[in-house]
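*Asks:* give me a 3D structure for the following:
(2 chains)
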Amino acid sequence: MSEIKVELPDGSPRTLEVDSTALDLARSIGPRLAKDAIAAKVNGTLTDLSAPLSNGDQVSIVTPASDDGREVLRHSSAHVLAQAVTRLWPGAHYAIGPAIRDGFYYDFELPGGAHFSDDDLARVEAEMRAIIAEDQPFTRRIYSIEEGLELFRDQPFKVEIIEAVARGNEEDLSETGGDSVVSTYSNTPSFVDLCRGPHVPTTARLGHFQLTRVAGAYWRGLETNPQLQRIYGTAWESKDALAGHLHQLEEAEQRDHRKLGAELDLFSFPSEIGPGLAVFHPRGGIIRRVMEEYSRQRHEVSGYEFVYSPHITKADLFETSGHLTWFAEGMYPPMILDEGQHYYLKPMNCPFHMTIFKARQRSYRELPLRMFEFGSVYRYEKSGVVHGLTRVRGMTQDDAHIFCTREQMGVELTRTLNFVLDLLRDFGLNDFYLELSTRPPGKAVGTDEEWAEAEAALATVCQDAGIEFVMDPGGGAFYGPKISVQAKDAIGRTHQMSTIQLDFQTPNNFDATYVAPDNTRQRPIMIHRALFGSVERFMAILIEHYAGNLPTWLCPEQVRVLGVRNDHDDYAYEVAALLRERGLRTHVEDATEPLGSRIRKAKLEKIPYVVVVGDEDVAAGTLGINARGTNDPERGVTVGEFANRLVDEVARHASPEAP
RNA sequence: GCCUGGGUAGCUCAGUCGGUAGAGCAACGCAUUCGUAAUGCGUAGGUCAGGAGUUCGAAUCUCCUCCCAGGCUCCA
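*Replies:* Next up is the predicted model:
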């Protein structure tokens, strides 16, 4: 047979000569495609353009401006990065260098224990550009395990990977490209990398990249392994795409809650208090209070009861709950009293709620019993992990624990999930998916049957919820599996929001019981759930989601009234008083500066409504509205009409930008 | 906790070779009275994160500590 037939993505057949490659196929389709092509996908697997095709293959040509294409570009860029580093640091060991979201990285061990500095980034980047300019072809070769070990005998990390593959370690297969063979790429005789590929045909196809940062990273991600030197980069199919990505990073930086929190005078982290411990300023305090009040009100309607518990407790409580066994390292060290008694700051509220459950005999008639608390907890986060309001050492959870029977469990979980989603939507988050985290290997309590039952119950709830859900194997808490609600924000990032955890263990540990209709003692199920996660973190996510332009109902200052001249100030105060009577947070700024200057200031503070009053308004009892996000003011609106509009907007949780 | 980088006025930043601290904005005062994103002039503001060392002399060089950023690990 001198011809083969392959199938294109649209289903159309294509006839080629025997031994044709994917590149030949691209050429047969069109010169532009052939010029653009960087790899191929054959029967669902990415391969080099030079790979020979077989009869019956389903083939698509991969071009740079696609997910597959970018992955190839990034992977090849990582390869060039390693080549550049070995040129600049002869004797450097290179470990792994995958494509990642938006870019790539490569891990190295430099001779003499050297580290990369920020300045090295520019040197490495220049060397990479030199390699790219040299238009070096990527050539694939296959070796046996033995040959591979010999080839990389000076590269201990590569040897370790090959040995792992030889032992059949699945995880490492992806690095080498086969069961018992070693796949390599070289683009000059002097540089060979262990790699499954595919790669672009030559280094000349690369170039729209930028090295972004250096970092330490543990070999194979294990803290006990040596720390390697990692270089991160980003790579794209075109100059515009690269510029677009860099622009997006800037956008994200602009809406960083830490930056906005300082600019809008919402909160701060005084260094004299300590890392990860925030104070809320009056303006941030208003946002927080409104969030909490709304949450309280919704919980009340939904049948929750409100409880309070102290911030510290004797060790006994956390011994019983298992926290001191499983999570002592995440807790602040104990305060030791004179009598030798150990007291701990609480890292979680559940054991306290359990003591409330146990305060007296409980009947099945009381279940489900839903206890809610804005509970402040303290966790000893490692020094390198604290991050603004999203990862702190002291936080307030909107925490609730539901005690129910096994029979009630399914209904209660569904009800809780719906409640959670509904409330998140009220805060303007609409794009969700669910994640189901299962038993963590090696650090879980309870029997296999209990875990299986709990995981099955949560899976059913996820399936019935009618929204996308994904598995997170091993991500559960030590006492039970959990559903977490992941929400996408305005710029497409996902955040873990609410969690719903099912817990058979804590009631066991505390020997909690209720009296069933048949007069027997039964063990309740406990459902842990936090909606905001932590109030602090949720506020941070809202600030970033809205880029500081919070919906009016959450804004610390909803209206700022400005007189045109200072003889309008009296009227401005009258207007403000009327608006305040309607519950609108309103302030006046006296006319000591030019109007334009005061408007600018209010806009920079992201106040939803700037109200301007002048001669005409004083005469007619009206005002002028300059809404956030617009530049054309509305004149001559009566005070009453404006107040009505705003009261309605607040009730609907809307904002001026999206009425 | 680990790696890299950083910390100068409330904020953003400049500060040369080691020679004794500077701008803009903000604040405050005075003048200005203005119809939709920056009025003018003036004043004040600093243990250069903290400590130790080298030096005749340290924001600048060395060491330690604290704090911040980006990663790694972690995230009940």
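*Asks:* longest helix in chain A, by residue count?
*Replies:* Determined from DSSP state H, the single longest helix within chain A is helix A:67-88.
*Asks:* is it in proximity to RNA strand B?
*Replies:* No: figure legend: helix A:67-88 not in contact with RNA strand B (Cβ under 7 Å from any atom of the strand); closest approach 14.3 Å. Heads up, the C-betas are built off the backbone N, CA and C, glycines and all.
*Asks:* likewise stretch A:645-655?
*Replies:* No: counting by Cβ under 7 Å from any atom of the strand, RNA strand B is not contacted by stretch A:645-655; separation bottoms out at 14.4 Å.
*Asks:* give me the contact list for that stretch.
*Replies:* Under the contact criterion Cβ atoms under 8 Å, 6 or more residues apart in numbering, stretch A:645-655 has outside partners A:426-428, A:546, A:549-553, A:558-559, A:579, A:582-584, A:608-609, A:628, A:656, A:659.
*Asks:* quick one: buried ones out of the residues you listed?
*Replies:* Neighbour-count burial (16 or more other Cβ atoms under 10 Å) applied to the contacts of stretch A:645-655 gives A:427-428, A:546, A:549-553, A:558-559, A:579, A:584, A:608-609, A:628, A:656.
*Asks:* how about the spatially most central residue of chain A, secondary structure?
*Replies:* The structure's chain A has its C-alpha centroid closest to residue A:495; by Cα atoms, centre = their mean the separation is 4.0 Å. Classification of residue A:495 using DSSP: H, G, I helix; E, B strand; the rest coil returns strand.
*Asks:* thinking again about what came up before, show me the buried ones among the contacts of stretch A:645-655 that map onto helices.
*Replies:* residue A:579.
*Asks:* closest to RNA strand B out of the buried ones among the contacts of stretch A:645-655?
*Replies:* RNA strand B has its nearest neighbour among the buried ones among the contacts of stretch A:645-655 in residue A:628, at 7.4 Å by Cβ to the nearest atom of the strand.
*Asks:* can you tell me how far the closest one is from residue A:215?
*Replies:* Per Cβ to Cβ, to the nearest Å, residue A:628 is found 39 Å from residue A:215.
*Asks:* please apply the same query to residue A:626.
*Replies:* From residue A:626 to residue A:215 the distance is 46 Å (Cβ to Cβ).
*Asks:* give me the more crowded residue out of those two.
*Replies:* residue A:626 (21 against 14; other Cβ atoms under 10 Å).
*Asks:* where does the more buried one land in three-state SS?
*Replies:* strand.
*Asks:* run a quick neighbour tally on whichever residue of the stretch 451-600 of chain A sits closest to RNA strand B.
*Replies:* Closest to RNA strand B within the stretch 451-600 of chain A is residue A:597: 2.8 Å, counting by Cβ to the nearest atom of the strand. Residue A:597 is flanked by 11 other residues according to other Cβ under 10 Å.
*Asks:* quick check, it in a helix?
*Replies:* Yes: with three-state DSSP as the criterion, residue A:597 is located in a helix.
*Asks:* quick check: pLDDT value at it.
*Replies:* Listed pLDDT for residue A:597 reads 95.
*Asks:* what is the burial count for the one residue in the stretch 301-450 of chain A that gets nearest to RNA strand B?
*Replies:* Taking Cβ to the nearest atom of the strand, RNA strand B has its nearest neighbour within the stretch 301-450 of chain A at residue A:384, 2.1 Å off. Using other Cβ under 10 Å, residue A:384 has 7 neighbouring residues.
*Asks:* who are the neighbours in contact with it?
*Replies:* Taking Cβ under 8 Å, 6+ apart as the definition, residue A:384 has no contacts.
*Asks:* same deal with residue A:547?
*Replies:* Counted by Cβ under 8 Å, 6+ apart, residue A:547 has contacts A:254-255, A:260, A:490.
*Asks:* how about 6 Å then?
*Replies:* Residues near residue A:547 by Cβ atoms under 6 Å, 6 or more residues apart in numbering: residue A:255.
*Asks:* phi and psi next, for it.
*Replies:* When read as degrees, to the nearest 10, the backbone of residue A:547 gives phi 50, psi 40.
*Asks:* got a pLDDT number for it?
*Replies:* Reported pLDDT for residue A:547: 93.
*Asks:* and the gap between the residue of the stretch 451-600 of chain A closest to RNA strand B and residue A:603?
*Replies:* Distance from residue A:597 to residue A:603, by Cβ to Cβ: 11 Å.
*Asks:* in the stretch 501-650 of chain A, which spans are strands?
*Replies:* Using DSSP state E, counting those that start in this stretch, the strands found in the stretch 501-650 of chain A span residues A:514-515, A:521-522, A:525-530, A:559-563, A:586-589, A:609-613, A:622-627, A:634-638.
*Asks:* and the last one, anywhere near RNA strand B?
*Replies:* Going back to what we said before, that points to strand A:634-638. Yes: using Cβ under 7 Å from any atom of the strand, we find that strand A:634-638 touches RNA strand B at residue A:635.
*Asks:* run a quick neighbour tally on residue A:525.
*Replies:* Around residue A:525 there are 27 residues (other Cβ under 10 Å).
*Asks:* bridged to it, which residues?
*Replies:* Beta bridges link residue A:525 to residue A:404 when assigned by DSSP bridges.
*Asks:* surely it and residue A:409 touch.
*Replies:* Yes: under the criterion of Cβ atoms under 6 Å, residue A:525 makes contact with residue A:409 at 5.2 Å.
*Asks:* can you check which residues contact both of those two?
*Replies:* In contact with both residue A:525 and residue A:409: no residue, using Cβ under 6 Å, 6+ apart.
*Asks:* can you give me the pLDDT of residue A:390?
*Replies:* Per the predicted model, pLDDT is 92 at residue A:390.
*Asks:* give me the phi and psi for it.
*Replies:* phi -90, psi -20.
*Asks:* need the contact list for it.
*Replies:* Here residue A:390 is in contact with A:537, A:540 (Cβ under 6 Å, 6+ apart).
*Asks:* and it, how far from residue A:201?
*Replies:* 43 Å.
*Asks:* how about low-confidence regions in chain A?
*Replies:* Applying pLDDT under 70 to chain A flags the ranges A:1, A:168-180, A:658-659.
*Asks:* wait, does the host helix or strand of residue A:399 contact RNA strand B?
*Replies:* Using DSSP states H and E, residue A:399 sits within strand A:394-404. No: Strand A:394-404 is not in contact with RNA strand B by Cβ under 7 Å from any atom of the strand; minimum separation 10.0 Å.
*Asks:* in terms of secondary structure, what does that strand contact?
*Replies:* helix A:350-357, strand A:369-378, strand A:525-530 (3 or more Cβ pairs under 6 Å, 6 or more residues apart in numbering; DSSP states H and E).
*Asks:* can you give me the angle the one helix or strand residue A:292 maps to makes with strand A:369-378?
*Replies:* Per DSSP H and E, residue A:292 falls inside helix A:282-301. Interaxial angle of helix A:282-301 relative to strand A:369-378 (axes from the mean of the first three to the mean of the last three Cα atoms, to 10 degrees): 160 degrees.
*Asks:* great, nothing more from me.
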